[in-house]
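**Q** give me a 3D structure for the following:
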Amino acid sequence: MKHILKSEFADWEKRYRGHFINSISGFKPVSLVGTWHLNGCANLAVFSNIFHLGADPAMIGMVSRPLTAGGHTLENIQRTGWYTI
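**A** Just a heads-up that it's a prediction; the model follows:
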């Protein structure tokens with residue numbers, strides 16, 4: 001087992017740190033989430049953070065960045081109430 005000290009981690013290049021943290025949870029399947037804007041414009045986004053919560057009742061979870069991050073998917077879902085995975 002390799003132990004990484006906080007000081008060692010802080011010295012890593014930013015991209016390397018990001019890739020390292022993103023890889024800790026292992027393989028993540030990718031999903032496409034399709035939405036429509038109220039003006040009729042289609043939106044298709046790639047998500048790797050969709051997960052199964054339960055089967056009865058059927059529940060799927062999805063983690064999205066905050067609206068301030070500039071994505072349109074969450075905003076479209078909130079405005080229309082519709083999406084496709």
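
**Q** hey, let's count contacts and neighbours off CA atoms from now on
**A** Noted.

**Q** could you list the low-pLDDT ranges of the chain?
**A** For the chain, no stretch is flagged by pLDDT under 70.

**Q** quick one: the strands in it?
**A** Taking DSSP state E as the criterion, the chain contains strands spanning 31-36, 42-47, 50-55, 58-62.

**Q** contacts for the second one?
**A** Counting by Cα atoms under 8 Å, 6 or more residues apart in numbering, strand 42-47 makes contact with 30, 31, 32, 33, 34, 35, 36, 37, 72, 73, all of which sit outside it.

**Q** and the furthest pair within the residues you listed?
**A** 30 and 37 (22.4 Å; Cα to Cα).

**Q** more neighbours, those two?
**A** Between residue 30 and residue 37, residue 37 has the larger neighbour count (other Cα atoms under 10 Å), namely 15 against 11.

**Q** so which of the strands of the chain gets nearest residue 10?
**A** Here strand 42-47 is closest among those (Cα to Cα), at 27.8 Å.

**Q** the closest one versus strand 58-62: what angle between them?
**A** Put simply, strand 42-47 runs at 80 degrees to strand 58-62, going by axes from the mean of the first three to the mean of the last three Cα atoms, to 10 degrees.

**Q** neighbours of residue 35, just the number please.
**A** Neighbour tally, residue 35, other Cα under 10 Å: 24.

**Q** if we can go back for a sec, out of the strands of the chain, flag the one nearest residue 23.
**A** Here strand 42-47 is closest among the strands of the chain (Cα to Cα), at 15.3 Å.

**Q** please save the CA atoms from the closest one in CSV.
**A** C-alpha atoms of strand 42-47 as CSV (Å, rounded to 0.1, in the frame of the first residue of the first chain):
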residue,chain,number,x,y,z
ALA,A,42,-32.0,20.3,-28.3
ASN,A,43,-29.2,19.6,-25.8
LEU,A,44,-27.1,16.4,-25.4
ALA,A,45,-24.6,16.1,-22.5
VAL,A,46,-22.2,13.4,-21.4
PHE,A,47,-22.6,12.3,-17.7
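
**Q** how far away from the center of its chain is that strand?
**A** Taking Cα atoms, centre = their mean, to the nearest Å, the mean C-alpha location of strand 42-47 is offset from the chain mean by 11 Å.
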